[in-house]
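S.K.: fold the following and give me the result.
(chains A and B)
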Amino acid sequence: MKKLNRRNFMTLAGASGAVLAAGASNPKKARAIGGDVSFANGGRDFSPVTGKERKAIPTACWQCVTRDSMMGYVEDGRLKKLEGHPGSIRTLGKLCAKGQAGVNQVYFPDRILHPMKRVGKRGEHKWKRISWDEALDTIAAKLKPLRDAGTPELFMYQYGRHKASQAATMYDFMGAFGTGTIGNHTSVCEAGKWTGQESLWGGMYDNWDYDKTDFVVNFGSNQFETHTNHIPTSQRLIRAMVDRGVPLYTFDVRLSNTAAKSTEWVPIKPGHDGLVMLAMINVIMNEGLHRTDHFKYMRVTSDYHATTEQKVAGIKEQVAKFTPEFAESKSGVPASKIRDIARGFAKAKSACLVTYRGTVMHYHGADQERAAMLLAAITNNLDTPGGRVMGVGAGWKAPSTPKAKVHKSLHIKDGFPGEAAFPTHHVSHQVGPMIKDGHAGRPKVYWWSCYNPAFINGDNKEWSSILQDESIMPFLITSTITYDESSQYADIILPDVTYLERWDWEDMVSANQIAEFYIRQPLVKPLGESRCQGDVWPELAKRLGFELAYKDKKDFVRQSCEMTPGVKEAGGFDYMMKEGVWHDPNDKGNYGFYAKEVDVSGDGVILDKDTGVYWNHKKAGVGSDAKYLETKGAKNAYVAQNIDGKALSAYAPNTSFTKSGLLDFYSDNFKSKGLPPFPTYTPAPEHVAMGKDDMILTTYKVAVHSHSRTTHCKWLTEIKHDNPGWINTKTAAERGIKDGDAIKVKSHVGEITTTAYVTEGIVPGVIAISHHFGRQHSGIYGSGKSNPFDGGASADPDAKNMTWKKHGVHPNAVIPNSSDPISGTQRWMDTVVQVSKA
Amino acid sequence: MASPENNMVEMAIARANVYGLLADVFRDEPSDALLSKLREPEISGALKALNLSLDDVFECTPQEQLVENLALEYTRIFIGPGSHISPHESMHTEARMGEPNALWGEQTVAVKKFMEGAGVTIADSFSGMPDHITAEFEFMQQLLLTECEAWKNGEKELGLNILKIQKRFYDEHLSQWVANFCNKVIKATEQPYFKQFTEVTKGFIELEKETLQELIDEAQEGDRLSA
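M.R.: This is a model prediction of the structure:
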């Protein structure tokens, strides 16, 4: 036979095709292969050593708030690997580096595995192992007298990352106990963003419709490295850029990896995002590039009944002073650049306006978010395909326990009197200082979980001293997996499970506007004596004399699956355990909800002529002559908004703002508190008063760490364990600082020493320091110190292979707790510091 | 001028056809209809281009008798009873874990996992095991048809990925045993039909090594040019 080559092969192929086409080769043919070729993006895994298939369990991540659905692979009872869930419409089978390193959470050598009680002084690190029974009996003995005395509010619980069923079970217990003194952490996260949105939308959480967009402008979001909805959104943005050539313009003080991957990085001075947006609005309005499609849902002056022409004139008047040249003089962004990007944004078929901490963690940050919403709205890119849209998450139903007859709160969650006008997500960073102050009362029992107040808040050393003081904080409980800056002061330490050992249902927002229901289930049996809080609450409730509506966390999730429409019909708990995720295949996505016509013929529904709101006066418990805005609780009786003679659902008030169904770009709420009713430019007072040698300190996140919950993960800390201060070449030269020099960073609350990273990748006059490092404790990998317990790091051979000696510095020691007067959000990006060579 | 995508489509169809025909050759005893089709000029011409010919087969024996003879030969060579050449990979390669050759051996499991990874399984009606030569060839045919659709739809990344999957299957399986198997058959068979198609099989599998690499290089080059 001749050797086959490309030519005679093609002859053979042609002949083969003819035989196959004739169907002659095998009339009684039984095909060998069944099904069609389809490539799953994962979902199975095999041991590289034995070749055996590992047990695959669908679950959900918890390394950050994105909470990706994922697959865990288990071999011989040990968790070996985590990957994205291939069936998830949110994550599309992807999982970030942090998520994949979740394996380290379960097995890190310094993990807390047993209940303990303090036997030395606070901070002396003397502990005695106790049983769970003793721990719960001790706690019940502290809590029961508070409840019996009618002072349940003296029990305070504060949490960091609690969401979905983890939050629902906690709130259920606290409701049954009777305390509303429940603190969160959102003010150190992005509270101002939500407050700004709520004043307009009624609700909150923006999603960016990258799958359909044509143009993206990003202010202060490091989206490609880390983000509140990182994996679902970042991959879609990358895909839009690569596949469809969508441009991305990133305004940031720092050349983040997101800025570096953008079409263009536009350096901007801290706190000026809103001003540049107002200048863009100025350009768009004056050049007639605006689109009025959404104007009927907008209110831009005090007049609820203004025509479109009046609204156009009103916006022009409000932004007249914010010319690109004025914005350039303050922000450092060239006027020509502002004009170009404004025109591109307005002319694009659809466009996304992105903001995050860089925009909102400032003085009047909430107002800067309002400017962002306005920019999106005037270009018809608000709640339209391809634009900035209100996100949707899964709406789970869940069992609930009746609330206690006596239910009270200490008023220590919303900051000091006058500190914040609309703390809709509370002022968590001031909880400690307010307890110290004492005027609003002090809890007798303070319990925190998945939270590290002595590390994550501003002026963290002050927080540390508050926790240490038994006269201020008489009894402290923590549920934790790691010994850290806060748990070192606890009276009782309860060993929490990791998220890879527990049950939950999850509900994080989808990037494609279709809600995804998903669950978390244990991949392995909890290590040691660690116990899920959802299992602890029912045990503690029994000791306190009441029963909860579920017997343990698994039961809570099971009941929820059987109660939730859609999930129930798909097969309920059994289906979710097997598949992990569910979405309605007929869901077309959450667009145009505001244009839905509403029946206003119901009993008690009346039209408030002043505002155009249809509301149910009977539901509000008032007469038909009452005014909507003047009636307490009227927002709960909102039915619809009269728009062009039609009753439309519009933007219902569903948070603490009482408002009409219009987007309140002119806000009576703001005006009533002496705040600017229309988005404007309000510089931070301390920036206006800055001296010649002063600098502004900003913080940021890197791709491989969360704020305080990952430095003990060795795979991540090996990659990133130090955080030098970024400083511009010119600024450094003025101070005689060279790259790698030791530098001092000083503010009015403290001083730290770090090293200088001298770069053109940051605007002059700013120093940027990431906020993950400088751990006092966090296990051997995070701090270099082993926990003060037996075993621990010595058990892990990798601890001897650590290649790094540096563990960074924590910038929070020089950042005061300082709130945005609108939202109460912590102003991470406003601190004035002095930087000098050490 | 043919576009790079058209070339990829053409090659995918061509290779799918050959895999499809060879899968049929080893699947069953040849039917009367197949033999009639083979007598047509198209296939005989293709074989002649390779210096092969089935003329002797057809000239010496009436077709009805030939069908019977080939059925007996198929049984003798591939089925048994007694000494035969099993058309299963696990009977021709040394298992990694040192297990003796056996049906449903380590390689069978590996092929099954590979196929399942691509979303397909062995059909219930198929009597062979996953590493049967027909199953492996048909699997490649299925991959190629999917690859073809990818190129037609402009899904270049998917097209390239499927080529890489084929190469992996070729490297881990087909290249490990098919030529060796063919040598045994060529030596043992007394029928030109099996001898010649087995020679074609061996030649094709050897050609596949360079074909796959060339196609992957072409696809990657095209990807770079379009980036």
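
S.K.: and the closest residue in space to residue A:665 that isn't next to it in sequence, how far from chain B?
M.R.: Residue nearest to residue A:665 in three dimensions, not counting chain neighbours: residue A:300, with 4.8 Å by Cβ to Cβ, 6 or more residues apart in numbering or on different chains. To be clear about C-beta, it is placed using only N, CA and C from the backbone, and glycine gets the same treatment. Distance, residue A:300 to chain B, by Cβ to the nearest Cβ, to the nearest Å: 45 Å.

S.K.: quick one: contacts for residue A:375?
M.R.: Going by Cβ atoms under 8 Å, 6 or more residues apart in numbering or on different chains, residue A:375 touches A:277, A:280-281, A:284, A:345, A:353.

S.K.: one more: residue A:343?
M.R.: A:283-284, A:287, A:289.

S.K.: of the residues you listed, select the buried ones using a PyMOL command.
M.R.: Buried residues within the contacts of residue A:343, by 16 or more other Cβ atoms under 10 Å in any protein chain shown, are selected in PyMOL with:
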select buried, chain A and resi 283+284+289
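
S.K.: nearest to chain B, of the contacts of residue A:343?
M.R.: residue A:289 (33.0 Å; Cβ to the nearest Cβ).

S.K.: could you find the closest non-adjacent residue to the closest one?
M.R.: Closest residue to residue A:289 apart from its sequence neighbours, by Cβ to Cβ, 6+ apart: residue A:346 at 3.7 Å.

S.K.: how about low-confidence regions in chain A?
M.R.: For chain A, the stretches flagged by pLDDT under 70 are A:24-29, A:41, A:787-795.

S.K.: can I see the domain layout of it?
M.R.: Domain segmentation of chain A under automatic domain parsing yields A:55-100, A:131-190+A:405-450+A:496-582, A:206-390, A:593-672, A:686-837.

S.K.: and residue B:189, how far is that from residue A:553?
M.R.: 67 Å (Cβ to Cβ, to the nearest Å).

S.K.: sorry, slip of the keys, the one I care about is residue A:86.
M.R.: 26 Å.

S.K.: give me the more crowded residue out of the two.
M.R.: residue A:553 (25 against 20; other Cβ atoms under 10 Å in any protein chain shown).

S.K.: and the domains of chain A as TSV, adding distance to residue B:209?
M.R.: As requested, the domains of chain A are exported to TSV (distance: least, Cβ to Cβ, whole Å):
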stretch	distance to residue B:209
domain A:55-100	32
domain A:131-190+A:405-450+A:496-582	41
domain A:206-390	33
domain A:593-672	58
domain A:686-837	38
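
S.K.: of those domains, which is nearest residue A:23?
M.R.: When the domains of chain A are ranked by distance to residue A:23, counting by Cβ to Cβ, first place goes to domain A:55-100 at 36.2 Å.

S.K.: and stretch A:473-485, how far apart are its ends?
M.R.: 16 Å (Cα to Cα, to the nearest Å).

S.K.: just the buried positions in it, please.
M.R.: Neighbour-count burial for stretch A:473-485, with 16+ other Cβ under 10 Å as criterion, is recorded at A:473, A:475-485.

S.K.: just checking, which of these belong to strands?
M.R.: Counting by DSSP state E, those place A:476-480 in strands.

S.K.: most centrally placed residue in the chain?
M.R.: Just so you know, I chose chain A. Centroid-nearest residue in chain A, with Cα atoms, centre = their mean: residue A:228, separated by 4.0 Å.

S.K.: that was the other one, I meant chain B.
M.R.: residue B:137 (3.6 Å).

S.K.: list the buried residues in the helix or strand hosting it.
M.R.: Secondary structure from DSSP states H and E places residue B:137 in helix B:133-152. For helix B:133-152, the neighbour count (16+ other Cβ under 10 Å) marks B:133-151 as buried.

S.K.: just the CA coordinates of the helix or strand just after that helix, formatted as PDB?
M.R.: Using DSSP H and E, the helix or strand that follows helix B:133-152 in sequence is helix B:156-169. The C-alpha coordinates for helix B:156-169 follow below in PDB (Å, rounded to 0.1, in the frame of the first residue of the first chain):
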ATOM      1  CA  LYS B 156     -12.900  29.300  16.700                       C
ATOM      2  CA  GLU B 157     -11.900  28.700  20.300                       C
ATOM      3  CA  LEU B 158     -14.300  25.700  20.500                       C
ATOM      4  CA  GLY B 159     -13.000  24.400  17.200                       C
ATOM      5  CA  LEU B 160      -9.400  24.600  18.400                       C
ATOM      6  CA  ASN B 161     -10.300  23.000  21.800                       C
ATOM      7  CA  ILE B 162     -12.000  20.100  20.100                       C
ATOM      8  CA  LEU B 163      -8.900  19.600  17.900                       C
ATOM      9  CA  LYS B 164      -6.800  19.500  21.100                       C
ATOM     10  CA  ILE B 165      -9.200  17.000  22.600                       C
ATOM     11  CA  GLN B 166      -8.900  14.800  19.500                       C
ATOM     12  CA  LYS B 167      -5.100  15.000  19.800                       C
ATOM     13  CA  ARG B 168      -5.300  14.000  23.500                       C
ATOM     14  CA  PHE B 169      -7.500  11.000  22.600                       C
END
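
S.K.: what segments of the stretch 601-750 of chain A are helices?
M.R.: Per DSSP state H, counting those that start in this stretch, the stretch 601-750 of chain A carries helices over the ranges A:617-620, A:668-672, A:685-688, A:714-719, A:729-734.

S.K.: what packs against the first one?
M.R.: So the one you mean is helix A:617-620. With contacts defined as 3 or more Cβ pairs under 8 Å, 6 or more residues apart in numbering or on different chains; DSSP states H and E, helix A:617-620 has no helix or strand neighbours.

S.K.: thanks a lot, see you next time.
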